[in-house]
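# sequence-free structure coming up:
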């Protein structure tokens, strides 16, 4: 049987971490075969709205998006996602954020500076 730890903790929430919880379940006769994290570790990811989304001037498969993450002024993010469009709300890994141990930095993509990365899948 598969179920999420979050779902289990809605029913019973002992004050133990995931490793101890799996040990306790196994010792009670409910063998835990595997624990599969859904997402890797990340920090600094915020919700942002794409305000504008224009074709990249020198790349066919990239767009230049202006995103509002609640800051004073919009950020420019170069994006390769085919579904990026104005009005879309998406996770933004801003400069300084970490995704699976990698730190997001300013980058120049085909001549346009990107101030973060819009996240998908």
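Arrived safely, thanks for sending. Worth saying up front: this structure is predicted, and the values here are computed from it rather than measured.

# which strand or helix spans the nearest residue to residue 31 once chain neighbours are set aside?
With C-beta to C-beta, 6 or more residues apart in numbering as the criterion, residue 31 has its nearest non-adjacent residue at 7.8 Å, and that residue is residue 25. No exception for glycine: its C-beta is placed from N, CA and C like everyone else's. Assigned by DSSP states H and E, residue 25 belongs to helix 18-27.

# that helix: which residues count as buried?
21, 22 (16 or more other C-beta atoms under 10 Å).

# which strands or helices does that helix pack on?
For helix 18-27, the elements it packs on are helix 5-11, judged by 3 or more C-beta pairs under 8 Å, 6 or more residues apart in numbering; DSSP states H and E.

# hmm, back to that, touching, the residue nearest to residue 31 and residue 35? I think so.
No - in this structure, residue 25 is not within contact of residue 35 by C-beta atoms under 8 Å, at 10.3 Å.

# who's in contact with residue 81?
118, 120 (C-beta atoms under 8 Å, 6 or more residues apart in numbering).

# now the longest strand seen in the chain: mean pLDDT?
Taking DSSP state E as the criterion, the chain has its longest strand at strand 42-55. Averaging pLDDT along strand 42-55 gives 93.

# name the helices or strands packed onto it?
Counting by 3+ C-beta pairs under 8 Å, 6+ apart, strand 42-55 packs on strand 63-68, strand 89-99.

# quick one: those as JSON lines, columns for mean pLDDT too.
As requested, the helices and strands packed on strand 42-55 are exported to JSON lines (pLDDT from 0 to 100):
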{"stretch": "strand 63-68", "mean pLDDT": "95"}
{"stretch": "strand 89-99", "mean pLDDT": "92"}
